[in-house]
Each structure stands twice: as structure tokens, then as C-alpha cells.
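Novice: Fold the following, please.
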Amino acid sequence: MRIRLLSARRTGEDLAAGRISAADQSLYLNASFLIWIIPAYLFLFPAPRTLDPDFFWTLWLVELAIVVVCCSVGIGYCLRNCRVDPARNFLVDFSCLNAPVSLTTLAIVWGAYYVLEIALRLAGVESPRLYDVARMVASVAAVGVVFLRIARHMRRVSLLRKPTAFA
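Specialist: Model (predicted):
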């Protein structure tokens, strides 16, 4: 079987049907790490622009706090949406769904950020603080949306596994 990096829906169907082998699970997990690491190391996630250290550190700490909360709450939310034998399915489902969800979400969120950046430049806006706030919003949105989407797909996988579980 091949992994499906562009379709969380099909990945979910494969999970529900038990068609994802341990080797494929490891590929999904590797892909998840690479999907987040490669753009960061290639500087596709933009660096802050402000030269004001007080603004930079305040914004950075706010972003960090929000991302930590999103991750903590998001993992719990995903677990609650894994409703069929979570002790057995949660980590596998989460790991496999994380890759396609992250890939598509990051592409859309950061694509939208760069479109906004180009529009601001064309409009003559050159405010490093505005760019940094937009960057923070995109960063936080990417993390939050990934967890929301994974949870939605985990619920769907649970429904596919055991349709009577939610009647």
C-alpha cells in the first residue's frame, strides 16, 4: 500500500478498514515530522522582522503560550474524538492523519500568509510589526487548524469503524 499525503479522508478510510500496515504507519510518522521540519529549516515559515526587542519577545512569548495551549488542548480534543478503542487506535490514527492534514493545512495557511504579504507590499505597507503579527496569527492558526482537522477525521474514522457507537 502507498501512503496518501494529500488526502486525510482516504487515509481515514484506510485506517478504519485496517489497511495501513506498521511499515506504512512509520512512513506516515516520518512524513509528519518532515512536513513540519523541512519548511522550518528552509525558512518557508518566515522569521520575525521587527528590530524592537520588547515587541519581538512579547509577541514570541504570546505565540509560544498559544501554541502550547493549542497542542495541549488539541491532543485531548483528538483523543476524545477517537471513540473506538482509543488505547489501541489513538496513536496510530493521530500519527497517520497528522501527515496529510499538516501538509494541506500548512500549504494553505502559509500560502495565504504569503499572498497577504504580497498584497501588503503592493499596497505600500512596510510595517515590520504588522508582518510579525500576521506571521504569529498564521503560525497559531496552522497549529490550531491541524488539531481541529485531525479530531474531525478521528471522529469520522470512529464512525467508519463502528457506526452503531454513536447511535
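
Novice: got a pLDDT number for the residue nearest the centre of the chain?
Specialist: In the chain, the residue lying closest to the centroid (CA atoms, centre = their mean) is V146, at 3.0 Å. On the pLDDT scale, V146 is placed at 98.

Novice: That one and S139, how far apart?
Specialist: 11 Å (CB to CB, to the nearest Å). Using the backbone N, CA and C atoms, a C-beta is placed for each residue, glycine as well.

Novice: ok so, going back, hmm, T105 and the residue nearest to the centre of the chain touching each other?
Specialist: Yes: assessed by CB atoms under 8 Å, V146 is found in contact with T105 at 5.1 Å.

Novice: list the contacts for the residue nearest to the centre of the chain?
Specialist: Taking CB atoms under 8 Å, 6 or more residues apart in numbering, we find V146 in contact with G74, N98, V101, S102, T105, L106.

Novice: could you point out which element follows the helix or strand the first one falls within?
Specialist: Take DSSP states H and E as the rule and G74 turns out to sit in helix 53-81. Helices and strands here follow DSSP H and E; after helix 53-81, the next one along the chain is helix 86-122.

Novice: ok and the very next helix or strand once past that following helix relative to helix 53-81, angle-wise?
Specialist: Where DSSP H and E defines the elements, the next helix or strand beyond helix 86-122 is helix 128-161. Counting by axes from the mean of the first three to the mean of the last three CA atoms, to 10 degrees, helix 128-161 lies at 10 degrees to helix 53-81.

Novice: Helix 128-161: how far from the chain's middle?
Specialist: Computed by CA atoms, centre = their mean, to the nearest Å, the separation of helix 128-161 from the middle of its chain amounts to 5 Å.
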